[in-house]
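**Q** Here is the input, now give the coordinates:
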Amino acid sequence: MRILSSLLGVCLLLGSSSAEKKSSEQRFNEFHQLSNSSPSLQLKETSYKSLTSSPRDYSAIVLLTALDARFGCQLCREFQPEWDILAKSWLKGDKAGESRLLFGSLDFEKGRDVFASLGLQTAPVVLLFPPTQGPHAAPSPEPIRYDFTTGAAGAENIHAWLSRHMAGRPTPPVKRPVNYMRWAAGITGFLGAGTALATASPYILPIIRNRNIWASISLVSVLLFTSGHMFNHIRKVPYIAGDGKGGISYFAGGFQNQFGLETQIIAAIYGLLSFCAITLAVKVPRMTDAKTQQVTVLIWGVVLFLMYSFLLSVFRFKNAGYPFSLPPFM
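**A** Okay, here's the model as predicted:
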C-alpha cells in the first residue's frame with residue numbers, strides 16, 4: 001500500500017509539474033478548442049489563473065459577473081446577453097483564432113478569491129489581459145478595465161473599446177441574431193394596415209381627394225407660417241409681456257421681436273382678410289338677388305377696410321418709420 005501511495009503521489013506531482021510547464025501556445029490551443037463549444041469560457045478559479053497567467057502570447061478578455069439573484073445585480077443580468085452576442089460574433093468571424101483572443105466568464109460564486117484578490121466591490125467588470133510576449137506584447141502585464149460609466153453597456157460598445165486595444169489584429173464585427181418575432185410582428189402589422197386601408201378606401205379616398213379640405217389645410221399652413229409661427233419655435237419667444245404700467249403688451253416693438261399672442265392675432269387678421277377677399281371674389285358674384293349682393297359687398301368691404309387699417313397700424317407700431325396708414329387706425 002505504501003508503494004502504491006508513493007507511486008500515486010509521484011504521478012500527481014509529475015502531472016501538476018507538466019501542467020505548470022504548459023507553454024502559452026498549448027494553453028491557447030486548449031482554450032480555443034473549448035471555445036468552439038462555448039464561445040465565452042465558463043471559468044473557475046484555476047482555469048481563470050491558467051488563462052490569465054504569464055507569459056502569454058495571446059489576449060484574454062474576461063467578464064467578472066454575479067448572476068445569482070441573491071446579489072441583486074440587475075446590470076449583470078442585462079449585460080450577459082450582450083456579452084454572449086459579442087463572444088459568438090467574434091468566434092464566428094475568427095474561427096481560426098487569428099486575433100489570438102479568448103473570451104471567458106467568471107461568476108462570483110465560482111471565483112470569490114479572484115474577486116477578493118482584485119479588490120472588486122461591484123460587478124460586472126470586464127478585464128482585457130494583453131499579451132506579455134510576441135509582436136503585440138503590451139508594456140505592462142496589468143489588465144485593462146472597461147469603464148461601464150462611459151455609456152451603454154452593449155456589445156457594440158465593448159467591441160469598439162476592444163478594437164482600440166487590438167490595433168493591427170482582426171476584429172470581427174458584431175452580428176446580432178435575426179429577431180424573427182420582430183419580423184413576424186412587422187409583417188403582420190403591415191398586412192393588417194394594408195387590409196384596413198383597402199377596406200376603408202371607399203370612405204377615405206373621397207376625403208383625401210377633396211379639394212376644399214386641401215385648400216383649407218394649405219390656407220391654415222400659409223397663415224401660420226407667414227404670421228411668424230416658426231420664428232416663435234426657433235426663438236422661444238414669450239407668449240405675452242407686461243407694458244411696465246401694470247398692463248399687457250400684445251405686440252413687441254421692432255421687426256425682430258414678437259410675442260406668441262401677437263402671432264395668433266396677426267394670423268387671425270390675415271385669415272379674416274383672406275376670407276373677405278375670397279367671399280368678394282367667389283361668393284358674391286354667384287348671388288342672384290342684386291340687393292343682397294350690394295349689402296354683402298358693403299359689409300365685407302367695410303370689414304376688409306377696417307382689418308387692413310388695423311394691420312397697417314400694427315406695422316407702424318412695430319416700426320415707427322413705416323409710412324402707410326388708413327383711418328380709423330392711424
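**Q** in the stretch 101-250 of the chain, which spans are strands?
**A** With DSSP state E, counting those that start in this stretch as the criterion, the stretch 101-250 of the chain has strands at 101-107, 125-129, 144-145, 241-242, 248-249.
**Q** what about those strands, which gets the closest to Ala87?
**A** Smallest distance to Ala87 across the strands of the stretch 101-250 of the chain (C-beta to C-beta): 4.2 Å, for strand 101-107. Glycine gets a C-beta too; all of them are placed from N, C-alpha and C.
**Q** Against which helices or strands is that closest one packed?
**A** helix 24-35, strand 40-42, helix 45-52, strand 59-65, helix 74-93 (3 or more C-beta pairs under 8 Å, 6 or more residues apart in numbering; DSSP states H and E).
**Q** Please identify the most buried of those.
**A** Ranked by average neighbour count under the criterion mean count of other C-beta atoms under 10 Å, those are headed by strand 59-65 at a mean of 24.
**Q** C-alpha coordinates for that strand, CSV please?
**A** In CSV, the C-alpha atoms belonging to strand 59-65 read as follows (Å, rounded to 0.1, in the frame of the first residue of the first chain):
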residue,chain,number,x,y,z
SER,A,59,-5.1,38.2,-25.3
ALA,A,60,-7.8,37.3,-22.9
ILE,A,61,-10.9,39.2,-22.1
VAL,A,62,-12.8,38.1,-19.0
LEU,A,63,-16.2,39.1,-17.7
LEU,A,64,-16.4,39.1,-13.9
THR,A,65,-20.1,38.9,-13.0
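**Q** Which secondary structure elements does that strand sit against?
**A** Strand 59-65 is packed against helix 45-52, helix 74-93, strand 101-107, helix 112-118, strand 125-129, with contacts defined by 3+ C-beta pairs under 8 Å, 6+ apart.
**Q** distance between it and the chain's centre?
**A** 28 Å (C-alpha atoms, centre = their mean, to the nearest Å).
**Q** Next: stretch 189-208.
**A** Distance, centroid of stretch 189-208 to centroid of chain: 32 Å (C-alpha atoms, centre = their mean).
**Q** buried residues in it?
**A** For stretch 189-208, a neighbour-count test (16 or more other C-beta atoms under 10 Å) marks nothing as buried.
**Q** which outside residues touch it?
**A** Ile213 (C-beta atoms under 8 Å, 6 or more residues apart in numbering).
**Q** between the helices and strands packed on strand 101-107, which one is nearest to Leu261?
**A** Between these, helix 74-93 lies closest to Leu261; by C-beta to C-beta that is 48.5 Å.
**Q** How about residues contacting the closest one?
**A** 35-36, 39-40, 63, 65-67, 99, 101, 103, 105, 123-124, 148, 153-155, 158-159, 170, 172-177.
**Q** Just the buried subset of those residues, please.
**A** By 16+ other C-beta under 10 Å, the contacts of helix 74-93 give 35, 39-40, 63, 65-67, 99, 101, 103, 105, 123-124, 148, 153, 155, 158-159, 172, 174 as buried.
**Q** Do a quick rundown of the helices in the protein.
**A** Taking DSSP state H to define them, one finds helices in the chain at 2-20, 24-35, 45-52, 74-93, 112-118, 155-164, 180-208, 211-226, 229-235, 260-278, 290-318.
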